[in-house]
Each structure stands twice: as C-alpha cells, then as structure tokens.
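S.K.: 3D, please:
(one chain, ligands or ions: 1)
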Amino acid sequence: MEGAVRVQILSQMGISEVPSQYIQPPENRPKSETNNITGLSCRNVPAIDLSCEKESVLAAIQDACREWGAFHVINHGVPTKLMDDLRRVCLSFFNDFPMEEKLKYACHPNSAASEGYGSRMLVSSENGTVLDWRDYFDHHTLPLSRRNPSSWPHFPPEYRALTADYSDEMKALAQRLLALMSESLGIKASCMEDVIGEFYQNITASYYPPCPRPDLTLGLQSHSDIGAITLLIQDDVGGLQVLKDGEWLLVDPLPNGILVLVADQTEIITNGKYKTCVHRAVTNANKARLSIATFHDPAKTVRISPAPDLVSQDSPPRYSSVVYGDYLSSWYSNGPEGKRNLDTLLLDTSK
Ligand SMILES: O=C(O)CCC(=O)C(=O)O
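M.R.: The predicted structure follows:
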C-alpha cells in the first residue's frame with residue numbers, strides 16, 4: 001500500500017493553504033493569468049480530422065509533430081459513448097468510493113509506475129521533488145499477460161469491462177497513428193511500430209481535486225512522456241498545458257477529440273524530426289478535473305535508435321541508441337524535469 005497522503009483528503013479538509021511539499025519554486029509556478037482557466041483559449045494545438053483525404057492528413061500530421069509534438073484527432077473511430085462511459089466510471093471511483101475501499105487498490109510505495117491508486121509519480125520525494133496536486137489510478141493493460149482486471153476497481157460494475165474495451169480501442173488507434181506518422185515522413189507505414197515492437201500499454205486516470213492555491217502548485221509537474229505515443233482524453237474543466245516556444249499554452253478540451261502526444265522514443269526513432277511534447281497540468285480552485293492518458297511504450301528490453309531510413313550523410317544520427325528499460329530507470333531516478341532525460345542522449349552533430 002502506498003504510504004503517501006491522498007491529495008483528495010487534503011482537498012476535502014477545506015484548508016486554505018497547501019502543505020509546503022506541494023509548493024512549487026517560483027520559476028515553476030503557473031503565471032497568474034493561467035490560474036483563472038475560464039475564458040483562456042489555447043493558441044491552438046492543431047485538430048486533425050482523420051476522415052479527410054489521406055494526403056492532407058499526412059501533411060497535417062507532419063506539421064503538428066514538427067511544430068507541437070501534439071495534436072487532437074477527431075473522427076478517429078473510437079466510440080464517443082465508450083469515452084464518456086470511461087470518464088464516468090473513473091470519476092465515480094474517485095468521487096463515490098469510500099477512501100478505505102480505494103486504499104485497498106493502493107499502488108506499491110517502492111516501485112515506480114506500479115499498478116493501482118496512488119499520488120506520487122516518483123517513488124519518493126527525497127530528491128527534493130515537489131509533490132503533484134493529483135491522485136491517480138494506473139492500469140496495466142497490455143500485453144495481455146500484464147492485464148489483470150481483478151486489480152482494477154470493482155465498482156461501478158462495468159468499470160473493468162469498459163477499461164478493457166478502451167484499451168483495445170486505444171491500441172488500434174495508436175497503431176493507426178504510428179503508421180500515419182511513419183508515412184508522413186516518407187518511410188514505410190510499419191517502420192515505427194517495427195522499432196517499438198509489442199506495445200506495453202498503461203492507462204492512467206488522473207484526478208485533480210480542487211486546490212486552494214493554484215498560484216503555488218501544479219497538478220502534474222512538467223514532463224515529456226517516456227514511451228512512444230500517448231493518447232489523452234480530458235473532461236471539460238481544462239488544465240493541461242503544453243510548452244510551445246518557451247510559453248505554457250492551455251490545451252482547450254475538444255469534445256470527443258483525443259489528444260495525441262508525441263513521446264520521447266518517437267523523437268529518437270524519427271531522429272528528432274518529430275518532437276516530444278513537454279506538458280504539465282495546472283490546478284483549479286473550484287473544480288476537480290479528470291484526464292485519462294493511455295501510454296504506449298516499448299518492452300524494457302527493446303533497443304531504441306534513430307530509424308535507419310531517417311539517417312543519412314545529410315541527416316546523421318542525433319541520438320545515441322538506448323535500451324528502453326535503462327531509459328525508464330534513469331527517468332524515474334532523475335525525475336522528469338522537462339526533457340532532461342532525452343537531452344542526455346543527444347549527439348554532437350556539428351563536427
Ligand atoms: O492531466 C493531464 O491532462 C495530463 C496527464 C499527463 O500528462 C500524464 O498522465 O502523464
């Protein structure tokens with residue numbers, strides 16, 4: 001059972017100040033105008049309609065992955081009802097379950113990314129990491145050998161079946177998107193998935209309780225995702241921000257849209273042509289917020305390097321190759337801090 005305090009308990013205590021472990025250093029605090037989320041619009045993460053003609057989809061994906069490392073997809077084929085139902089049951093777990101029942105699903109305190117109900121992204125905050133204003137439930141969903149629905153909430157009754165269905169839909173969409181991303185770079189459709197291999201998929205429902213000091217805290221600290229591709233849905237509260245040209249921009253929730261986040265291994269495989277997306281979540285004084293992120297990662301034993309088809313004399317390798325499990329360990333022991341882990345693999349291509 002994880003030893004950390006659940007943020008929801010703090011929030012429900014009705015405190016007007018947050019405990020010091022949650023206070024971000026001044027340089028990481030959200031700018032004051034982002035504290036009042038209502039009325040802010042994003043300087044537009046692109047939205048791509050997957051039902052459009054293929055050439056235009058490929059061109060839009062290329063622009064979005066180069067410029068943003070993120071884009072919404074619409075007309076993606078995932079049933080809206082499934083997305084709504086999953087949001088509903090995840091919210092119900094956080095809101096309707098008594099704490100002692102939720103804690104029966106607590107994740108392990110001493111292992112990174114263990115399945116279950118938790119609050120800390122990193123195993124401990126001894127390295128000085130400020131805590132996130134977030135509780136979460138992490139589900140290990142793929143490969144099927146890792147999928148054990150009995151470790152997922154048993155309430156509401158349809159929770160487990162919906163999670164399994166959603167996992168399958170996300171896998172199919174991630175495969176489709178990786179194929180389109182490969183083709184948009186002029187390489188064969190299977191190229192990126194061939195490097196990644198069988199997906200290790202986790203689904204993380206994040207719950208951000210109302211926070212009395214959105215000006216001092218973050219729901220989730222700045223990071224880029226470790227694996228290959230993340231597919232994220234959120235509710236209509238808003239609070240996800242992406243870092244674009246040094247500025248934090250709010251990603252307006254797009255009803256029925258799915259946000260695609262390019263992750264670190266895709267930046268390596270594409271030899272830096274496509275950028276991982278640095279993002280974070282801010283908190284909200286009045287409303288709880290829910291997001292559901294589905295991560296698609298390689299197996300720990302897979303060696304990741306720039307795809308040979310994207311390397312040439314004119315475009316030499318920009319990243320050294322890395323065994324994914326080693327990358328993962330260093331991410332969890334160093335902490336995410338923006339793109340720091342990816343930057344350690346950068347090769348000097350100026351010579
Ligand atoms: O809550 C969000 O919108 C962001 C979630 C996220 O970045 C993550 O789960 O890694």
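
S.K.: Helix, strand, or coil at the closest residue to residue 43 other than its chain neighbours?
M.R.: Nearest residue to residue 43 in three dimensions, chain neighbours excluded: residue 249, at 5.2 Å (C-beta to C-beta, 6 or more residues apart in numbering). No exception for glycine: its C-beta is placed from N, CA and C like everyone else's. Secondary structure assignment for residue 249 (DSSP: H, G, I helix; E, B strand; the rest coil): strand.

S.K.: okay, residue 249: pLDDT?
M.R.: Model confidence at residue 249, given as pLDDT, is 96.

S.K.: Pairing partners for it in the sheet, please.
M.R.: residue 242 (DSSP bridges).

S.K.: dump the residue contacts of it.
M.R.: Listed by C-beta atoms under 8 Å, 6 or more residues apart in numbering, the contact set of residue 249 reads 42-43, 45, 241-243.

S.K.: Of these, just say which sits nearest to the ligand.
M.R.: residue 241 (8.6 Å; C-beta to the nearest ligand atom).

S.K.: how about the nearest residue to the closest one, chain neighbours excluded?
M.R.: Once flanking residues are discounted, residue 241 sits nearest to residue 248: 4.4 Å by C-beta to C-beta, 6+ apart.

S.K.: Could you measure from residue 141 over to the ligand?
M.R.: 14 Å (C-beta to the nearest ligand atom, to the nearest Å).

S.K.: How about residue 144?
M.R.: 23 Å.

S.K.: quick one, phi psi at that residue?
M.R.: Torsion angles at residue 144 (phi, psi; degrees, to the nearest 10) stand at phi -60, psi -30.

S.K.: so who does it touch?
M.R.: By C-beta under 8 Å, 6+ apart, residue 144 has no neighbours at all.

S.K.: what pairs with the helix or strand hosting residue 295, and is each one parallel or antiparallel?
M.R.: According to DSSP states H and E, residue 295 maps onto strand 289-297. According to DSSP bridges, strand 289-297 forms sheet pairs with strand 200-208 (antiparallel), strand 229-234 (antiparallel).

S.K.: wait, the residue nearest to residue 241 sits on residue 280?
M.R.: Yes. At 7.3 Å, residue 248 counts as touching residue 280 under the criterion of C-beta atoms under 8 Å.

S.K.: my guess is residue 162 is in a strand, correct?
M.R.: No. Using three-state DSSP, the assignment for residue 162 is helix, not a strand.

S.K.: Looking at residue 248 and residue 280, which one has more neighbours?
M.R.: Higher neighbour count among residue 248 and residue 280: residue 280, with 21 against 16, using other C-beta atoms under 10 Å.

S.K.: Return the distance of that one relative to the ligand.
M.R.: For residue 280, the distance to the ligand - C-beta to the nearest ligand atom - is 7 Å.

S.K.: Make sure that residue is indeed in a strand.
M.R.: Yes. With three-state DSSP as the criterion, residue 280 is located in a strand.

S.K.: Distance check, the residue nearest to residue 241 against the ligand.
M.R.: 13 Å.

S.K.: before we move on, the earlier item: okay, the strands paired with strand 289-297 in JSON lines with mean neighbour count, distance to residue 299 and mean pLDDT next?
M.R.: Shown next, in JSON lines, are the strands paired with strand 289-297 (neighbours: other C-beta atoms under 10 Å; distance: least, C-beta to C-beta, whole Å; pLDDT from 0 to 100):
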{"stretch": "strand 200-208", "mean neighbour count": "23", "distance to residue 299": "6", "mean pLDDT": "98"}
{"stretch": "strand 229-234", "mean neighbour count": "24", "distance to residue 299": "15", "mean pLDDT": "98"}
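
S.K.: Tell me, how many residues neighbour the closest residue to residue 147 other than its chain neighbours?
M.R.: Nearest non-adjacent residue to residue 147, counting by C-beta to C-beta, 6+ apart: residue 141, 5.5 Å away. Residue 141: 26 surrounding residues under other C-beta under 10 Å.

S.K.: Could you do residue 56 as well?
M.R.: Around residue 56 there are 11 residues (other C-beta under 10 Å).

S.K.: on that earlier part again, any residues in contact with both of residue 248 and residue 280?
M.R.: Common neighbours of residue 248 and residue 280 (C-beta under 8 Å, 6+ apart) are residue 241.

S.K.: residue contacts, residue 188?
M.R.: Taking C-beta under 8 Å, 6+ apart, we find residue 188 in contact with 182, 309.

S.K.: which element is the residue nearest to residue 147 on?
M.R.: strand 135-142.

S.K.: Check residue 168 too.
M.R.: helix 159-184.

S.K.: nearest residue to the residue in the stretch 101-250 of the chain that the ligand sits nearest to other than its sequence neighbours?
M.R.: Closest contact between the stretch 101-250 of the chain and the ligand, by C-beta to the nearest ligand atom, is at residue 240 (3.5 Å). Distances taken as C-beta to C-beta, 6+ apart place residue 251 nearest to residue 240, at 4.5 Å, with adjacent residues excluded.

S.K.: repeat for residue 268
M.R.: residue 319 is the one closest to residue 268 (C-beta to C-beta, 6+ apart), at 4.6 Å.

S.K.: Look up phi and psi at that neighbour.
M.R.: The phi/psi pair for residue 319 (degrees, to the nearest 10) is phi -130, psi 140.

S.K.: Same check on residue 106?
M.R.: The phi/psi pair for residue 106 (degrees, to the nearest 10) reads phi -60, psi 140.

S.K.: can you pull up the bridge partners for it?
M.R.: Residue 106 has the following beta-bridge partners by DSSP bridges: residue 117.
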